[in-house]
Each structure stands twice: as C-alpha cells, then as structure tokens.
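Asks: Quick one, fold the following:
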Amino acid sequence: MNNLILTERQMTSIIAYRNIFPRVIQLIANGQIKALDLVAKIISLDEIVSEGFEALTKDKNQIKILVNPSI
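Replies: Have a look, this model is predicted:
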C-alpha cells in the first residue's frame, strides 16, 4: 500500500468481465462505443454516499457514476 501512496500510482479494479476489456478498449478507441455517453455524472469523494450509492439504489437509470478524487 505504501508503494501506491508514496509513488502516487493509480490503482484500478474490476469485479467481473475482466477478459473482455481488450475488445472493449478497442471498440472505444475505434469510436464504435461512445463511453462518455454512458456516464450519468461525475462526483467527488465527499459525494460517494449521497450522490453515488444512494443515487444508484434509488434510480436504476444510472449507468455509470464516476468518482473523481481531484474535485
């Protein structure tokens, strides 16, 4: 963990579907998938509960909510 923090590295994780990412990345790169169109909103760390988890449980139309720790 210290290596991540002290060297300012980014960590990305996934729950499922990890084997399809190379194909999905290629589709996004080719413009066949407009990934930003899937993002419902971008929130800060302080908004994770109210605008993230609660929004996802109340509104099933939310596709992706991105958390940007720098805002």
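Asks: Now do the residue nearest to Ile71 when sequence neighbours are not counted against Ile5, distance only.
Replies: Among residues not flanking Ile71 along the chain, Ser44 sits closest, at 4.7 Å (CB to CB, 6 or more residues apart in numbering). In this view, the C-beta of every residue, glycine as well, is placed from N, C-alpha and C. Ser44 is 20 Å from Ile5, where distance means CB to CB, to the nearest Å.
Asks: neighbour count winner among those two?
Replies: Ser44 (13 against 8; other CB atoms under 10 Å).
Asks: Now do the more buried one against Ile63, distance only.
Replies: Taking CB to CB, one finds Ser44 at 19 Å from Ile63.
Asks: Output the lowest mean pLDDT helix or strand found in the chain.
Replies: helix 2-6 (a mean of 74; mean pLDDT, DSSP states H and E).
Asks: So which bits of the helix or strand that that helix is followed by are buried?
Replies: Downstream of helix 2-6, the first helix or strand assigned by DSSP states H and E is helix 21-29. Counting neighbours by 16 or more other CB atoms under 10 Å, one finds that helix 21-29 has no buried residues.
Asks: Can you tell me which helices and strands the next helix or strand after helix 21-29 packs against?
Replies: As assigned by DSSP H and E, the chain's next helix or strand after helix 21-29 is strand 39-43. When contacts are defined as 3 or more CB pairs under 8 Å, 6 or more residues apart in numbering; DSSP states H and E, strand 39-43 sits against strand 64-67.
Asks: partner strands of the strand it packs on, parallel or antiparallel?
Replies: Next to strand 64-67 in the sheet, as set by DSSP bridges, lie strand 39-43 (parallel).
Asks: pLDDT of the helix or strand just after the partner strand, averaged?
Replies: Next in sequence after strand 39-43, counting helices and strands by DSSP H and E, comes helix 54-58. Averaging pLDDT along helix 54-58 yields 85.
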